[in-house]
Structure formats: C-alpha cells, structure tokens
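> Predicted model and sequence follow; I will ask about them next.
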There are 2 protein chains.
Amino acid sequence: MSSNNPAPQHITDPLDPRLDDIRDLKTAEKTLVVAEGPLIVGRLVESRYPLRCLIGFQARLEQFLATHKVQAPVYAVTREVLAQVVGYDMHRGLLAVADRAGESSISQIVEESRTVVVLEGVGDHENIGAIFRNAAGMDVDAVLLGSGTADPLYRRSVRVSMGHVLRTPFAHLDGGFTTWQRSLDQLRESGYRLVALTPDPQAEHLADALVDDTGAPYEKVALLVGAEGPGLTEHAMRATDVRARIPMAAGTDSLNVATSAAIAFYERSRSLRD
Amino acid sequence: MSSNNPAPQHITDPLDPRLDDIRDLKTAEKTLVVAEGPLIVGRLVESRYPLRCLIGFQARLEQFLATHKVQAPVYAVTREVLAQVVGYDMHRGLLAVADRAGESSISQIVEESRTVVVLEGVGDHENIGAIFRNAAGMDVDAVLLGSGTADPLYRRSVRVSMGHVLRTPFAHLDGGFTTWQRSLDQLRESGYRLVALTPDPQAEHLADALVDDTGAPYEKVALLVGAEGPGLTEHAMRATDVRARIPMAAGTDSLNVATSAAIAFYERSRSLRD
C-alpha cells in the first residue's frame, strides 16, 4: 500500500453515516457518481470527478491502493455489511463514489474533436453506456446529448461503459430559446459534416456518406443517432447534411442503437485510415 | 379471428396441467422453446418448431389469431393467472411454446451459405441472441456453434434475437473423434475463407482480410468469433486462414463480442456490394 494513501477505517455498523453515499444503491437518488469493481473504480479515481470515498473489502482495498493514489477517505467493510448497506450482495467488493462535475464545454468539444456522436432520444442506460464504450474504443472524441437522452452518469451507464463515460467528454446540446437541434448549426458552421443514421432504404450507404465525391473522408464528422424504433426525429433529420443507412436484409428488424452506432464509428475510423 | 383457428379455452386455475409448459419460466428446465410477445410469437408460429400451445390474455389472443394461422391448442388466461403460473408479471400477455427440433444439417449449411459465423466459447445468452439478430439483419446465412457456446433456444436468447434464432439455420460443430476445430477443415475444403476476429494489433485490418489481393471479396467466408476476454482459443486460431482486427483506440477495452461480430457482418456485406 502506498504510504501516501489514507489508511482504511474499519466500519462494522451498516447504519454508519459514512456509508450513506452507497445506501440502497438500486433505489437511491442519483446525485453522485458510483463506480464498482477495480477497473471502473480505477477510472473514476483517475477522472476529473471529485472523489468522495473508496469502500470495499479489506483485501480488495489493499490490492487497489497498492497501485492507485487515492485522496479521499477509505472505508473497509465485510461482505455482509456491504450487502446490508447497498441492498444486494456485491461480490467484487470495491466501490468508489464521486461528486458530479460540470459537463465539458461544447465549444471546446466542437473545436478539438474530429469525430463526435450526437444522440437523440436514447433513453436506455445500457445503450448509453455501450455507446460510450464503443466511442472510446473507436476513436470518437466526444458525445453530444440531444433531448430525451438518459443520464450517462447513472450507475448502470457507468458500468456498461466500462467507465468510459468518466473519460470521454460529453455535453448536453441546448438551443437556448429555440430547439436543441438549432445547436446542430453550430456544428456545421464549425466545419462538421452532419450524418444522420437511419434504416431508410432510400438513404445513402454509410460508406458513401462519410467520404466526398473524390472518396476523401470529411475532416470533421458528427454522427447522429436516434432511439431504437422511432429513430431520429424529422426535425433532427432536416438539420443534417446526409442520411446514411446500414444495409439490412429484407424482413429483418433494425439494429440495436448501440450496435448501429458502433458500425458507424467503425466506418468513420475505416474512412480515416491511411 | 380466422375460422380455421381453434377457439381459445379459458383456464382459471393456475394449477391446470395444460399450463405446465410455462410454469415457473425463469427456473424451469429448458427443454422447450418459449416465445413472448406478438413479434416473436409470430416468428415461432411460422418456424419449423412444432407448436405445442398458444397462451395469453383474451384480447391479445384475438388480435394475434386474426392475422396468424395456429395449429395448436389456444389457452386464454387473465393477467393474474398468467403471473402466478410463469412466476412474474408478463404485461405483454402472449406466449407460445414449441418442441425443440433437430438442428440444421451442417453439410447443407456449408453448401448453401455464402457467409457463416462460427462461435467459440460465447457462453452468454444475450450475446448469442444479439449475434443471431445481427446475423439475420446483415445477411449472414447461418451460425455454427463450436465448444462452450450457450444454447440459442434458451428463452433469453430467443427474446434478444427478436426470434431470429428460430429462422436462421444453426448447428453445432463436432469433430467426431477429434476436436470440434477439426470440422473447420470441412469449411475450408468447401471453399470458405476462414477469418478469425482478434483484438491483436498485429492482425490484418478487417477490411483487408475479407478481400483478396485484387480487392475482390472472397466468394465464401466463415467469420470466427470467440468469447469476450479470452477470445478464440489458439487451437481455433491456428485452423483459420487469416487473423482480422477491428482497430481500437489506445488504452481502451476490446469490444463486446456481439458488437465485434456485427462490425464483421457489416464489413462482409460492404465487401459484397456492387
């Protein structure tokens, strides 16, 4: 254990208020950021979110603290106590809690990114998490959130994202006095090609939509993805430059939204390779 | 309601043995094929699996029977009775049960397919279901199952696949007196290019692995996908023609297995487009 890390304080009373941050995790209010398991806890500790505490079994804490610098109280609990506090058996036995922090600046995202994904109506936490995981894996620089999109910092999103919601910049789009789609114009004015994903068979093949007439990739691309089922609103569609489709076999259903997005991320990365 | 369909028999006793097929669904033995909800029930009714019964709320049954031909007993139950039988509240109120049937013939699959996916060690029912859904959506003709692969006809696989496990041919590979990978040779001898997906940065880019030196797509392709984490066994890798990677950003995790497979299906379909 690094001598710079705080020594674990042993807590044996499940009602101890120092454990309030993780009480009844499944139903608690979602005002904090909670990470579970060594990989994701490590990413939270290294993130910009202000750490409140690290909680776990003694052995798991020692293992973690041997390789991580932690500037927050550390609480050691038994498996039984932890289960009573969080409300279920957590066999991995390592948690970290942080405060939320302000979102990334949209103008900074717009300026510094080469590829962004814009989500509209993606209300499912697992899909949001999967989109962040895939975005991080395939070099998408940031996630912009339109209306009706679930909270990326919700516990399940954090877990499914493998902690990438804590690393990939994101921000909510807001049109001020108009609709959020108005802010898409800002992207276009900043040089982005706006590409809307749709199952519409009339749309361009995704591969064609990401390159210009000479076959060269667009310098900056914003990929717009809508909810499974309804897809993007017509309002959002109209604000884009091109509608792109992933070709689907006859008589099948559209792909899951995170899967569609992953394919678009892959095609974008493919268009940029040397 | 079609006059050719059997009239619903009303059942009010949760212990009625005619409901045994759907008793304690979450813990019951998995010897039958169970479909839930109109879309998937429709696909089961139209599949090659011998239908045993259709069960649901009166209104849902009437709606379904108006557009489907059903040759099996139909049982109408209330929401309360259904919940007591299956063990949870099933608000969609429509179920169908079928017997299992023999798998598709491997030699027929090998002969008639242009693209197949071969799974090794994919033990998660949701991943199996998602792979079938994506395969159906992107023109993969069949799924071949190596060792350690979860049951495609398990209830959760059926649901996540949107019923495509009931339509897409699949079969277990078996090496007879040797290992299952031996049967990969049969694929090669039948003209398939065997492509192993791997996160190994030394592997070829997926896009290059699916076309020959002139850029032409291989006539027949078998895409091999292994479990998330360990990936394909070295044994399976060695039996293939080429190792293909989806390029990943530095410091990220490998993709979910169903997502990787979806990207490979997309790239295969892309290589075949005119």
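Sure thing, it's come through.
> the strands in the stretch 51-200 of chain A, which residues?
Under the criterion DSSP state E, counting those that start in this stretch, the stretch 51-200 of chain A contains strands at A:51-56, A:74-76, A:94-99, A:115-120, A:142-145, A:170-172, A:192-197.
> Look up how far chain B lies from A:Tyr154.
19 Å (Cβ to the nearest Cβ, to the nearest Å). (Glycine included, C-beta is placed from N, CA and C.)
> roughly how far apart are that residue and B:Leu223?
34 Å (Cβ to Cβ, to the nearest Å).
> Between the two, tell me which one has more neighbours.
B:Leu223 (28 against 17; other Cβ atoms under 10 Å in any protein chain shown).
> For that one, give me its contacts.
B:Thr115, B:Val116, B:Val117, B:Val118, B:Val140, B:Val195, B:Leu197, B:Ala261, B:Ala264, B:Phe265, B:Arg268 (Cβ atoms under 8 Å, 6 or more residues apart in numbering or on different chains).
> residues in contact with the second one?
The contact partners of B:Val116, by Cβ under 8 Å, 6+ apart, come to B:Ile109, B:Val110, B:Val140, B:Asp141, B:Ala142, B:Val143, B:Leu144, B:Leu187, B:Tyr192, B:Val221, B:Ala222, B:Leu223.
> contacting residues around the spatially closest residue to the first one that is not a sequence neighbour?
Yep, that's B:Ile109 we're talking about. Leaving aside its chain neighbours, B:Ile109 sits nearest to B:Ala142 (4.4 Å; criterion: Cβ to Cβ, 6 or more residues apart in numbering or on different chains). By Cβ under 8 Å, 6+ apart, B:Ala142 lies in contact with B:Ser104, B:Ile109, B:Ser113, B:Val116, B:Val117, B:Thr168, B:Pro169, B:Phe170, B:Ala171.
> How about A:Ser157?
By Cβ under 8 Å, 6+ apart, the contact list for A:Ser157 reads A:His125, A:Glu126, A:Ile128, A:Gly129, A:Phe132, A:Ala150, A:Asp151, A:Val165.
> Just the buried ones out of the residues you listed, please.
Among these, those classed as buried by neighbour count (16 or more other Cβ atoms under 10 Å in any protein chain shown) are A:His125, A:Ile128, A:Gly129, A:Phe132, A:Ala150, A:Asp151, A:Val165.
> Can you flag which of those residues belong to helices?
Mapping the buried ones among the contacts of A:Ser157 onto helices (DSSP state H) picks out A:His125, A:Ile128, A:Gly129, A:Phe132.
> Using CSV, lay out these together with distance to chain B and pLDDT.
CSV is the format used below for these (distance: Cβ to the nearest Cβ, whole Å; pLDDT from 0 to 100):
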residue, distance to chain B, pLDDT
A:His125, 15, 94
A:Ile128, 14, 97
A:Gly129, 11, 97
A:Phe132, 11, 98
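> Out of the contacts of B:Val116, who's the most crowded?
B:Leu223 (28 neighbours).
> and that residue, which of the three is it?
strand (DSSP: H, G, I helix; E, B strand; the rest coil).
> go on, the one 3 residues further on?
Secondary structure for B:Gly226, judged by three-state DSSP, is strand.
> what pLDDT does it get?
For B:Gly226, the model assigns a pLDDT of 94.
> can you tell me how far the residue nearest to it when sequence neighbours are not counted sits from chain A?
Of all residues not flanking B:Gly226 in the chain, B:Leu232 sits nearest, at 3.4 Å (Cβ to Cβ, 6+ apart). Using Cβ to the nearest Cβ, B:Leu232 is found at 19 Å from chain A.
> B:Leu232 - how many residues pack around it?
Neighbours around B:Leu232, by other Cβ under 10 Å: 24.
> isn't it right up against B:Ala244?
No. Under the criterion of Cβ atoms under 8 Å, B:Leu232 makes no contact with B:Ala244, lying 11.2 Å away.
> Overlap in contacts, these two.
Joint contacts of B:Leu232 and B:Ala244 (Cβ under 8 Å, 6+ apart) are B:Ala196, B:Leu197, B:Thr198.
> which among those gets closest to A:Ser254?
Among these, B:Leu197 lies closest to A:Ser254 (Cβ to Cβ), at 23.4 Å.
> so what pLDDT did A:Pro217 get?
97.
> Number of residues surrounding it?
19.
> Just give the closest residue to it, not the sequence neighbours.
Closest to A:Pro217 by Cβ to Cβ, 6+ apart is A:Ser271, at 4.0 Å.
> how near is A:Gly87 to chain B?
Taking Cβ to the nearest Cβ, one finds A:Gly87 at 20 Å from chain B.
> Would you check that A:Arg100 makes contact with A:Leu32?
Yes. Counting by Cβ under 8 Å, A:Arg100 does reach A:Leu32; the two are 7.0 Å apart.
> The two: which has the busier surroundings?
A:Leu32 (17 against 13).
> And for A:Leu255, nearest residue in space, chain neighbours not counted?
Using Cβ to Cβ, 6+ apart, the nearest residue to A:Leu255 is B:Gly137, at 5.7 Å.
> end to end, how far does stretch A:50-64 reach?
18 Å (Cα to Cα, to the nearest Å).
> roughly how far is it from the heart of the chain?
Chain-centre distance of stretch A:50-64: 23 Å, with Cα atoms, centre = their mean, to the nearest Å.
> And it, what's buried?
A:Leu51, A:Arg52, A:Cys53, A:Leu54, A:Ile55, A:Gly56, A:Phe57, A:Arg60, A:Leu61, A:Phe64.
> Likewise for stretch A:203-214?
For stretch A:203-214, by 16+ other Cβ under 10 Å, it's A:Ala203, A:Leu206, A:Ala207, A:Ala209, A:Leu210.
> And stretch A:166-180, by the same measure?
So stretch A:166-180, judged by 16+ other Cβ under 10 Å, has buried residues A:Leu166, A:Arg167, A:Thr168, A:Pro169, A:Phe170, A:Ala171, A:Leu173, A:Thr179, A:Trp180.
> Stretch A:16-36 too?
A:Leu19, A:Asp21, A:Ile22, A:Leu25, A:Ala28, A:Leu32, A:Val33, A:Val34, A:Ala35, A:Glu36.
> quick one: the longest helix seen in chain A to strand A:115-120, angle?
In chain A, taking DSSP H as the definition, the longest helix is helix A:257-272. On the basis of axes from the mean of the first three to the mean of the last three Cα atoms, to 10 degrees, helix A:257-272 is oriented at 160 degrees to strand A:115-120.
> Mean confidence (pLDDT) on helix A:257-272, please.
97.
> Which other helices and strands does that helix contact?
Judged by 3 or more Cβ pairs under 8 Å, 6 or more residues apart in numbering or on different chains; DSSP states H and E, helix A:257-272 is in contact with strand A:115-120, helix A:125-137, strand A:192-197, helix A:206-209, strand A:220-226, helix B:257-272.
> right, so of these, which gets closest to B:Glu228?
Taking the helices and strands packed on helix A:257-272 one by one with Cβ to Cβ, helix B:257-272 is closest: 4.5 Å.
> tell me the angle the closest one makes with helix A:125-137.
Using the same axes, to 10 degrees: helix B:257-272 against helix A:125-137 is 60 degrees.
> tell me the domain ranges of chain A?
A:9-99, A:106-272 (automatic domain parsing).
> who touches A:Asp21 in this structure?
A:Asp21 neighbours (Cβ under 8 Å, 6+ apart): A:Leu32, A:Val34, A:Arg52, A:Cys53, A:Ile55, A:Val97.
> Give me the three-state assignment for A:Leu15.
Assignment for A:Leu15 (three-state DSSP): coil.
> Excluding covalently adjacent residues, which one is nearest to A:Arg92?
A:Gly37 (4.6 Å).
> returning to that earlier point: restrict the buried residues of stretch A:203-214 to those near chain B?
Among the buried residues of stretch A:203-214, proximity to chain B is found for A:Ala207 (Cβ under 8 Å from any Cβ of the partner chain).
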